[in-house]
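S.K.: quick one: sequence and predicted model below, then my questions.
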Amino acid sequence: MSTQAGPWEAAPVPVAPDPARDAAFAELIGWLQSGRVRMGVNIGLMNRPGSPVFRRIEMSLPLFAVAVGTIAALPFGGPHLAFLCLVLGGIGFFFMALPRVKARVYDRTMQLVTNDRAAFERCWAMGALSLQDTQASDNNMLGGTADWAGFRPRPAAAAGDAPA
């Protein structure tokens with residue numbers, strides 16, 4: 001077992017008040033609300049123990065139900081029915097439960113980072129977030145690689161302008 005602390009177990013770094021970064025954060029929130037910018041979330045990084053948006057029950061309950069259903073099917077239908085329950089439970093988990101978990105983790109992460117600049121900066125520094133301009137597919141910024149306050153969406157093209 002590793003004794004190394006994960007990214008969430010580290011002591012939070014206090015975010016110093018900075019009017020310029022506060023203004024940039026407010027501007028970013030405005031772009032997110034208007035749909036001009038889209039924020040990507042690294043679900044795998046945010047859905048780990050220790051993360052503020054992690055809920056253990058979301059992952060363990062469906063898997064527990066599959067395991068119990070498989071074991072319960074053994075005395076009634078033998079190994080063939082148990083295997084069928086295991087396969088159907090796995091398919092149900094990957095195609096029904098997992099997408100719901102991903103959507104919930106994304107929603108909780110967005111709630112967390114759009115309400116608190118310190119949480120946003122911590123997630124950004126960990127590389128758990130990315131920013132994408134919705135009108136220019138090549139205007140993206142990955143978290144942890146650059147300063148988020150420098151991200152600017154490209155100006156919207158006029159109706160008669162042709163792409164260069």
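M.R.: Cool, got the structure.

S.K.: strands along the chain, start to end?
M.R.: 37-41, 129-133, 140-142 (DSSP state E).

S.K.: quick one: the ones you listed as TSV, columns for distance to residue 107 and mean neighbour count too.
M.R.: C-beta coordinates here come from the backbone N, C-alpha and C atoms, glycine included. Listed next are those as TSV, based on distance: least, CB to CB, whole Å; neighbours: other CB atoms under 10 Å:
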stretch	distance to residue 107	mean neighbour count
strand 37-41	9	18
strand 129-133	14	20
strand 140-142	21	16
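
S.K.: is it correct that residue 110 is in contact with residue 39?
M.R.: Yes: in this structure, residue 110 sits in contact with residue 39. The criterion is CB atoms under 8 Å, and the distance is 6.7 Å.

S.K.: weakest of the strands of the chain by average pLDDT?
M.R.: Ranked by mean pLDDT, these bottom out at strand 140-142, with a mean of 85.

S.K.: can I get the strands of the chain in CSV with distance to residue 154?
M.R.: Converted to CSV, these look like this (distance: least, CB to CB, whole Å):
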stretch, distance to residue 154
strand 37-41, 11
strand 129-133, 6
strand 140-142, 11
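
S.K.: residue 100 is nearest to which of those?
M.R.: Evaluated with CB to CB, these place strand 37-41 nearest to residue 100, the distance being 15.2 Å.

S.K.: strand partners of that closest one, parallel vs antiparallel please.
M.R.: Next to strand 37-41 in the sheet, as set by DSSP bridges, lie strand 129-133 (antiparallel).

S.K.: so what are the sheet partners of the helix or strand of the chain with the lowest mean pLDDT and their directions?
M.R.: Lowest by mean pLDDT, DSSP states H and E among the helices and strands of the chain is strand 140-142, with a mean of 85. Paired with strand 140-142 in the same sheet, following DSSP bridges, are strand 129-133 (antiparallel).

S.K.: residues contacting the residue lying closest to residue 127 once chain neighbours are set aside?
M.R.: Nearest in space to residue 127, with sequence neighbours left out and distances taken as CB to CB, 6 or more residues apart in numbering, is residue 144 at 3.4 Å. Residues in contact with residue 144 (CB atoms under 8 Å, 6 or more residues apart in numbering) are 124-127.

S.K.: ok, those residues vs residue 51, which is closest?
M.R.: For the contacts of residue 144, the minimum distance to residue 51 (CB to CB) is 9.6 Å, reached by residue 126.

S.K.: right, and that closest one touches residue 44 too?
M.R.: No: using CB under 8 Å as the test, residue 126 is too far from residue 44 to be in contact (11.8 Å).
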